[in-house]
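Student: The sequence isn't on hand, but the structure is:
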């Protein structure tokens, strides 16, 4: 086994102002790895000691060891997170940047709407979901409780939701949207010429 120890920054907070601690990581990781949650990225935790027991299920999908936990612990004061992996992983810190390893607040996720209704959305990032017009757009506003809020210069970010590459490109060409994810296949050659520096 190999042990990784992380000291959390001082005064970390959730967007609702409550304290964020190493205990939140322990909760989130065990929740994400659990077969009961059914998360598509649960396998990402298989490198952590204890995952085998956490993931073990019978032929009906029920956990064989319901009390099993990942070998991830928080110090009593919540400042230190200790992770025991089954071996040393050279890219471990890079893996931790994936969303499945982000903390979630246990009291927030007890309500199924925590990730779809702005008034119930609690996070710890630089922006907080403020408004969500489903299938249309999302508005994120600066999180005043973010640990480094003074360095965040944009007060808000608006995301438009679309699965139509033509619509995305039309909004990009008109400067209504500053960034798009997809472009129409038949436009790729002209886009390479016209937007060669983007």
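Tutor: Yes, it's here. These figures come from a predicted structure and were not determined experimentally. Numbering: from 1, shown residues only.
Student: Which stretches in the chain count as strands?
Tutor: Using DSSP state E, the strands of the chain run over 2-7, 72-74, 80-85, 127-133, 137-142, 156-160.
Student: I'd like these as CSV, with distance to residue 117, mean neighbour count and mean pLDDT appended.
Tutor: All C-beta spots, glycine's among them, are computed from the backbone N, C-alpha and C. CSV is the format used below for the strands of the chain (distance: least, C-beta to C-beta, whole Å; neighbours: other C-beta atoms under 10 Å; pLDDT from 0 to 100):
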stretch, distance to residue 117, mean neighbour count, mean pLDDT
strand 2-7, 31, 12, 98
strand 72-74, 29, 19, 98
strand 80-85, 29, 18, 98
strand 127-133, 8, 17, 95
strand 137-142, 12, 17, 97
strand 156-160, 16, 13, 96
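Student: Include distance to residue 49 when you put these into JSON lines, please.
Tutor: Output for these, formatted as JSON lines (distance: least, C-beta to C-beta, whole Å):
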{"stretch": "strand 2-7", "distance to residue 49": "9"}
{"stretch": "strand 72-74", "distance to residue 49": "9"}
{"stretch": "strand 80-85", "distance to residue 49": "4"}
{"stretch": "strand 127-133", "distance to residue 49": "34"}
{"stretch": "strand 137-142", "distance to residue 49": "36"}
{"stretch": "strand 156-160", "distance to residue 49": "38"}
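Student: Residue 197: which of those is closest?
Tutor: strand 156-160 (22.8 Å; C-beta to C-beta).
Student: just the angle between that closest one and strand 127-133, please?
Tutor: Going by axes from the mean of the first three to the mean of the last three C-alpha atoms, to 10 degrees, strand 156-160 is angled at 40 degrees with respect to strand 127-133.
Student: For strand 156-160, name the packing helices and strands.
Tutor: Applying 3 or more C-beta pairs under 8 Å, 6 or more residues apart in numbering; DSSP states H and E, we find strand 156-160 packed against strand 127-133, strand 137-142.
Student: which stretch among the ones you listed comes nearest residue 18?
Tutor: Per C-beta to C-beta, nearest to residue 18 of the helices and strands packed on strand 156-160: strand 127-133, 13.6 Å.
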